[in-house]
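Undergrad: can't give you the sequence, but here's the structure:
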């Protein structure tokens, strides 16, 4: 997305946030903060949309998603940087948009109460960040020549793993195993799958 288009999207999200009453804004922020504190699996945009409609706020789906993304990014970034409520409000004011005083008071109050919890959760997530396996391929081969291997004509299995790292980057790892090692690997993989189904 070009920078000008991205800036326009952010400005529109902020404009929509600034139009919200303090109560409606506080409710939307609380949904986001609950997620960032690990209390919910995600932010339920359908629930927020229903609450907006009951309050008389008319936002289309894309505009609502942009508001939620902005709040998530703002609070997540503030949590990672361990910003105080004053620093958060100050940074929002530097964004070039004229925030209504009532909106800034809502954000200040919520962040004063819950910012430390978000910061703690962000630190825990950073520590516990692990890579995610997204693809695994294997092939069977036969060693026919080697400088280091004594037993040639032995079958082996090459595994190619595609992994998404916590940073979001996709990387590939490959390694070779003997047939008995691969069979043991397969057995352990089945045991892990069975254990995950019981969770």
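TA: In hand now; what should we look at? Keep in mind the model is a prediction, meaning the values are calculated, not measured.
Undergrad: what separates residue 132 from residue 162, distance-wise?
TA: Using C-beta to C-beta, to the nearest Å, residue 132 is found at 10 Å from residue 162. Every C-beta, even on glycine, is put in place using the N, C-alpha and C of the backbone.
Undergrad: Of these two, which one has the most company?
TA: More crowded of residue 132 and residue 162, by other C-beta atoms under 10 Å: residue 162, with 14 against 11.
Undergrad: Tell me which helix or strand the more buried one sits in.
TA: Following DSSP states H and E, one finds residue 162 within strand 155-164.
Undergrad: in the next helix or strand after that strand, what counts as buried?
TA: With elements assigned by DSSP H and E, the helix or strand that comes after strand 155-164 is strand 170-178. Neighbour-count burial for strand 170-178 flags residue 177 (criterion: 16 or more other C-beta atoms under 10 Å).
Undergrad: now stretch 46-61
TA: Neighbour count says stretch 46-61 has 48, 49, 51, 52, 57, 59 buried, by 16+ other C-beta under 10 Å.
Undergrad: Redo these as TSV? Include pLDDT and secondary structure.
TA: Shown next, in TSV, are the buried residues of stretch 46-61 (pLDDT from 0 to 100; DSSP: H, G, I helix; E, B strand; the rest coil):
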residue	pLDDT	secondary structure
48	90	helix
49	89	helix
51	89	helix
52	90	helix
57	88	coil
59	87	coil
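Undergrad: What are the boundaries of the helices in this structure?
TA: 3-18, 22-36, 45-54, 61-81, 85-94, 101-128, 179-198 (DSSP state H).
Undergrad: Indicate which one of those helices is closest to residue 137.
TA: Closest approach to residue 137 among the helices of the chain (C-beta to C-beta): helix 179-198, 13.2 Å.
Undergrad: how many neighbours does the closest residue to residue 43 other than its chain neighbours have?
TA: Leaving aside its sequence neighbours, residue 43 sits nearest to residue 35 (C-beta to C-beta, 6 or more residues apart in numbering; 4.9 Å). The local packing of residue 35 (other C-beta under 10 Å) involves 21 other residues.
Undergrad: do the same with the one 10 residues further on
TA: Counted with other C-beta under 10 Å, residues neighbouring residue 45 total 17.
Undergrad: how about low-confidence regions in the chain?
TA: Residue ranges of the chain with pLDDT under 70: 1-9, 96-97, 128-129, 145-152, 166-169, 199.
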